[in-house]
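J.: dropping the sequence and predicted coords here.
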Amino acid sequence: MPLNLTAIYTIWLREMIRFFRAKSRVIASFSMPIFFLVFLGLGFNASFKFSGLPSGIDYIDFLAPGIIGMALLFDSLSSGLSVLMDKQFGFLKEIMVAPVDRLSIVIGKTLGGTTTALIQGLIILIVASLIGFEVKGVSGLLSSLVFMVLISVSFVGIGMIFASKINDMHGFQLITRLFAFPVFLLSGAFFPSTNLPTWLRYLHYINPLSHGVDGLRFCLIGTSQFSPIQDLFVLLGFCILTMVSGTYFFSVVEVEG
Amino acid sequence: MYAIKTENLTKKYDESIVVNQLSLNIIKGEIFGLLGPNGAGKTTTIKILATLLKPTSGSAEVWGYNVLKEQDVVRKSIGIVFQSPSLDFELTGRENLDFHSRIYNLDRSVRKNRIEEVLELVELSDKADTLVKHYSGGMQRRLEIARGLMHYPKVLYLDEPTLGLDAQTRRRVWEYIKKLNVSEQITVVLTTHYMDEAEQLCDRVAIIDHGEIIALDSPENLKTTIARDIISLQVVDRKKLLEVLKSSDFAAEIIFNELVEESVYLGVENGEK
Ligand SMILES: Nc1ncnc2c1ncn2[C@@H]1O[C@H](COP(=O)(O)OP(=O)(O)OP(=O)(O)O)[C@@H](O)[C@H]1O
Ligand SMILES: [Mg+2]
């Protein structure tokens, strides 16, 4: 089935216009990860060493990719809100009745969510480098973008699935939070997973975000827990899975009067 | 070939039948009305004809295309104004139209002119760059109508186009609908609660209740040939009223009597008297 590129671009464009118009929401969503980064990074760096931290790696170096992963996770999930809002304010009807296949709609929405997540990821990277984080080279920076995209797309897909099934904002926020916290706490974003008890470590292994954060660490600071190729494939698989199911769930959404 | 043709179209939710064996032929170029009370199944019928809902059984064709098998062509052939708002309130009027023209793949060279054209038709040119959230209800409704027209549809569905509008705005919307029916040669299918609206606008009207067609004719014929008016009464004690009416010879026939709470539609001889 050929994709409808015009429709994908149009849907993405609308997301961008809305994003840049909703300034207060943008600032609010950007500030949380930056607080985490600054307070944890500066607070723990001088005085504290986690056990299991790779040798020669400062906590800020370890933390920054984790915070990026966290920010991408939360921002991507909440982009499901845009589907939910379209449902509530009725615009979804305009989209659903248009001669556009459902996959193209989902891709357009996903690219919108991914773009905003990426902007946030890059801003965090800049803030991190202001407080002492050092990126290992340009190629590392570029390859980290691949991981950022994959993390974003995956969790935008999850957000889309939640949004298809849930009809109220509060319910959506509750469910995404319930989903996001374990995912991010078990991803090794804040501390090395060797500190986890064995049974939790299995959850850490199967957590897609662990592989995202690990891949980011490999690209940005040159150390990783798994092989970066393995990270890439786990994430890619997960990404395809969520896109396919996201499209399926989206295509069976019923629109109100 | 008809603009729209349905055969025994049926939609069930669990056990309740919302659209019941509906067979309709809507002629190209006409303004066709679906008149009925709340819950009659008007919106459900429109949604099936717009490919947004799958019928439980029966078939429907729009401009010769099957709504189940040829969704994409059907969608290209129709424009729709939904009963409830479907605009992006964070965008301007022009941006809403621009989104529509792009997603319907309107040619770049046509896009801009067409936007101006439809804005002019509904007299919103001077408000085009205002955010829709600052529009009044009437302006939003007009923008929706303009948007439904953008891509030169063959058939335009208007689901209660004058819902919530004051008398003056209603009359203006009627004018637009008549105008575009002529100037754009669009077949219009509209739903309404009001006989006067159907009378003003429609070439033919189907009165529908509980998902079934009760009568189908031109508004004049519905009034004169059958010599019967549809009047709607607000009553407190419906049963009592029905008893009184049955025992008197005032009402020729009570066509449908168990409708929305507290209101009765009656078919009576010369209801206007
Ligand atoms: N998703 C659904 N599940 C169950 N019943 C439904 C659903 N959607 C509609 N109905 C029922 O179908 C019936 C017809 O609804 P519909 O919206 O088509 O009526 P309508 O003629 O458009 O009414 P109104 O004038 O109030 O807009 C109603 O009784 C409604 O409760
Ligand atoms: Mg309705």
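T.: Received the coordinates, thanks. Ligands and ions are numbered 1, 2, ... in the order given.
J.: who touches stretch B:13-24?
T.: B:4-12, B:41, B:44-45, B:48, B:55, B:58, B:206, B:208, B:210-213 (Cβ atoms under 8 Å, 6 or more residues apart in numbering or on different chains). The way it works is simple: take the backbone N, C-alpha and C, and place the C-beta from them, glycine included.
J.: what comes up buried for that stretch?
T.: B:Ile17, B:Val18, B:Val19, B:Asn20, B:Leu22, B:Leu24 (16 or more other Cβ atoms under 10 Å in any protein chain shown).
J.: now those residues in JSON lines, with distance to A:Ser144, pLDDT and secondary structure?
T.: Output for the buried residues of stretch B:13-24, formatted as JSON lines (distance: Cβ to Cβ, whole Å; pLDDT from 0 to 100; DSSP: H, G, I helix; E, B strand; the rest coil):
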{"residue": "B:Ile17", "distance to A:Ser144": "58", "pLDDT": "95", "secondary structure": "strand"}
{"residue": "B:Val18", "distance to A:Ser144": "53", "pLDDT": "96", "secondary structure": "strand"}
{"residue": "B:Val19", "distance to A:Ser144": "55", "pLDDT": "96", "secondary structure": "strand"}
{"residue": "B:Asn20", "distance to A:Ser144": "60", "pLDDT": "95", "secondary structure": "strand"}
{"residue": "B:Leu22", "distance to A:Ser144": "58", "pLDDT": "96", "secondary structure": "strand"}
{"residue": "B:Leu24", "distance to A:Ser144": "59", "pLDDT": "95", "secondary structure": "strand"}
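J.: ok, and of the residues you listed, which contact ligand 1?
T.: Among the buried residues of stretch B:13-24, the ones lying near ligand 1 by Cβ under 6 Å from any ligand atom are B:Val18.
J.: how about the residues of the stretch 51-200 of chain B by ligand 1?
T.: So the stretch 51-200 of chain B meets ligand 1 at B:Gln83, B:His193 (Cβ under 6 Å from any ligand atom).
J.: on that earlier part again, which among the contacts of stretch B:13-24 count as buried?
T.: Using 16+ other Cβ under 10 Å, the buried members of the contacts of stretch B:13-24 are B:4-6, B:9-11, B:41, B:44-45, B:48, B:55, B:58, B:206, B:208, B:210-213.
J.: in the stretch 51-200 of chain A, what residue comes closest to ligand 2?
T.: With Cβ to the ion, the shortest gap between the stretch 51-200 of chain A and ligand 2 falls at A:Lys93, namely 12.9 Å.
J.: ok but that residue is inside a helix, no?
T.: Yes. A:Lys93 sits within a helix when classified using DSSP: H, G, I helix; E, B strand; the rest coil.
J.: near it, how many other residues are there?
T.: By the criterion of other Cβ atoms under 10 Å in any protein chain shown, A:Lys93 has 23 neighbours.
J.: now for the helix or strand of chain A with the lowest mean pLDDT, which elements pack on it?
T.: None of the helices or strands of chain A scores lower by mean pLDDT, DSSP states H and E than helix A:23-45, at a mean of 82. Secondary-structure packing of helix A:23-45 (3 or more Cβ pairs under 8 Å, 6 or more residues apart in numbering or on different chains; DSSP states H and E): helix A:59-78, helix A:102-130.
J.: going by neighbour count, list what's buried in stretch A:186-194.
T.: Applying 16+ other Cβ under 10 Å to stretch A:186-194 flags A:Leu186, A:Ser187, A:Gly188, A:Ala189, A:Phe190, A:Phe191, A:Ser193 as buried.
J.: who are the contact partners of residue 6?
T.: Since no chain was named, I'll use chain A. By Cβ under 8 Å, 6+ apart, the contact list for A:Thr6 reads B:Arg102, B:Ile103, B:Asn105.
J.: can you look at chain B instead?
T.: By Cβ under 8 Å, 6+ apart, the residues touching B:Thr6 are B:Leu22, B:Ser23, B:Leu24, B:Leu49, B:Gly58, B:Ser59, B:Ala60, B:Glu61.
J.: partner strands of the strand or helix carrying it, with direction?
T.: Counting by DSSP states H and E, the element that carries B:Thr6 is strand B:4-13. Sheet partners assigned to strand B:4-13 using DSSP bridges are listed as strand B:16-26 (antiparallel), strand B:57-62 (antiparallel).
J.: let's have those strands in a markdown table, adding distance to A:Ala128.
T.: Formatted as a markdown table, the strands paired with strand B:4-13 follow (distance: least, Cβ to Cβ, whole Å):
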| stretch | distance to A:Ala128 |
| --- | --- |
| strand B:16-26 | 57 |
| strand B:57-62 | 56 |
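J.: and the longest helix for chain B?
T.: Looking across chain B with DSSP state H, the single longest helix is helix B:167-183.
J.: can you count the residues close to the residue of chain B found nearest ligand 2?
T.: Closest residue of chain B to ligand 2, Cβ to the ion: B:Thr43 (3.1 Å). As a burial measure, B:Thr43 scores 21 neighbours (other Cβ under 10 Å).
J.: now the one residue in the stretch 1-150 of chain A that gets nearest to ligand 1. Nearest residue, chain neighbours left out?
T.: Relative to ligand 1, the nearest point of the stretch 1-150 of chain A is A:Lys93 (13.5 Å; Cβ to the nearest ligand atom). Distance criterion Cβ to Cβ, 6 or more residues apart in numbering or on different chains; nearest residue to A:Lys93, sequence neighbours excluded, is B:Ser86 at 4.3 Å.
J.: spit out the contact partners of that neighbour.
T.: A:Gly90, A:Phe91, A:Leu92, A:Lys93, A:Glu94, B:Glu144.
J.: backbone torsions only: list them for the spatially closest residue to the last one that is not a sequence neighbour.
T.: If I follow you right, that is B:Glu144. Once flanking residues are discounted, B:Glu144 sits nearest to B:Val81: 4.6 Å by Cβ to Cβ, 6+ apart. With angles defined as degrees, to the nearest 10, B:Val81 sits at phi -110, psi 110.
J.: beta partners of B:Val81?
T.: Under the criterion used (DSSP bridges), B:Val81 bridges to B:Leu158.
J.: how close does it sit to B:Asp88?
T.: B:Val81 is 15 Å from B:Asp88, where distance means Cβ to Cβ, to the nearest Å.
J.: these two: which is more packed in?
T.: B:Val81 (26 against 23).
J.: what about residue 57, how many neighbours?
T.: Here I'm looking at chain A. 15.
J.: let me rephrase: I mean chain B.
T.: B:Ser57, neighbours per other Cβ under 10 Å, totals 12.
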